[in-house]
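requesting a structural model of the entry that follows:
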Amino acid sequence: MHPLVEIAKSAVENYVISGAEIAAPLNIGKEFTNKKAGVFVTIEKKGRLRACIGTYLPCYDNIAEETIYNAVAAASKDFRFGPVKKEELSDLDFTVYVLNKPEPVRFIEELNPKKYGVIVKSFKGEKSGLLLPDLEGVETIESQIAIAADKAEIDLAREKIELYKFTVEKYQ
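Numbers count the residues shown, from 1 in each chain. Below is the predicted model of the structure:
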């Protein structure tokens, strides 16, 4: 198991059992303690999505802390599923996505749902939706944009949008 995945798993287990957050380990490696990045944590239960929360721009001092925060948030604040319970812990699998800095998209042809994640923002910037790359069932640029817009409640027929693309490092 990759060290970031171990951190996510430990953070969730500790939080669910004791209600406390863990500190970032110091021995994880400088690439995760000296660098900032957005991080998404996905939790699956028996192969099905159980929770997913993240940040596309960093909010914490480093990737390790970003992972801890988003793992706990996924386990406790994903409104689609409700909080993770103690009896579920042994059935959970974790994936950590470290996001590279989003880049503006000038032409839709720049996108590729297998390679790039997408951020759809309303032109005024008050709403945004994100979809990670290479998700099962997302085969076209149009469907990727539509799903991300739907998550943000952006009406593509009525609202002007801005698009951003990003790549990820995926750890399981």
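
what does the helix or strand bottoming out on mean pLDDT in the chain rub up against?
Lowest by mean pLDDT, DSSP states H and E among the helices and strands of the chain is helix 30-33, with a mean of 92. Under the contact criterion CB atoms under 8 Å, 6 or more residues apart in numbering, helix 30-33 has outside partners Pro3, Leu4, Ala24, Leu26, Asn62, Ile63, Ala64, Thr67. (Glycine included, C-beta is placed from N, CA and C.)

so the first one touches Ile28, yeah?
Right, Pro3. Yes. Between Pro3 and Ile28 a contact is recorded at 5.0 Å, counting by CB atoms under 8 Å.

where do the strands sit along this protein?
Assigned by DSSP state E, the chain shows strands spanning 38-45, 48-55, 92-99, 103-104, 117-122, 128-131, 161-166, 168-171.

centroid residue for this protein?
Phe40 (2.2 Å; CA atoms, centre = their mean).

pLDDT score for that one?
With respect to pLDDT, Phe40 scores 98.

residues contacting the nearest residue to it once chain neighbours are set aside?
Closest residue in space to Phe40, ignoring its immediate chain neighbours: Gly54 at 2.8 Å, by CB to CB, 6 or more residues apart in numbering. The neighbourhood of Gly54, defined by CB under 8 Å, 6+ apart, consists of Gly38, Val39, Phe40, Val41, Asn70, Ala74, Tyr97, Leu99, Leu130.

ok, the residue nearest to the second one when sequence neighbours are not counted to Thr167 distance?
With CB to CB, 6+ apart as the measure, Glu66 is the residue that lies nearest to Val39, at 4.2 Å, once sequence neighbours are left out. Using CB to CB, to the nearest Å, Glu66 is found at 17 Å from Thr167.

these two: which has the busier surroundings?
Comparing Glu66 with Thr167 by other CB atoms under 10 Å, the one with more neighbours is Glu66, at 29 against 16.

shouldn't the more buried one be in contact with Ile53?
No. In this structure, Glu66 is not within contact of Ile53 by CB under 8 Å, at 11.3 Å.

from the contacts of helix 30-33, which land in helices?
Using DSSP state H, the subset of the contacts of helix 30-33 located in helices is Pro3, Leu4, Ile63, Ala64, Thr67.

quick one: which of those is most hemmed in?
In the ones in helices among the contacts of helix 30-33, the most neighbours by other CB under 10 Å go to Thr67, 31 neighbours.

so how far is Lys114 from that one?
Taking CB to CB, one finds Thr67 at 24 Å from Lys114.

repeat for Ile28
Taken as CB to CB, the span from Ile28 to Lys114 is 29 Å.

now swap in Ile141 and tell me
Taken as CB to CB, the span from Ile141 to Lys114 is 10 Å.
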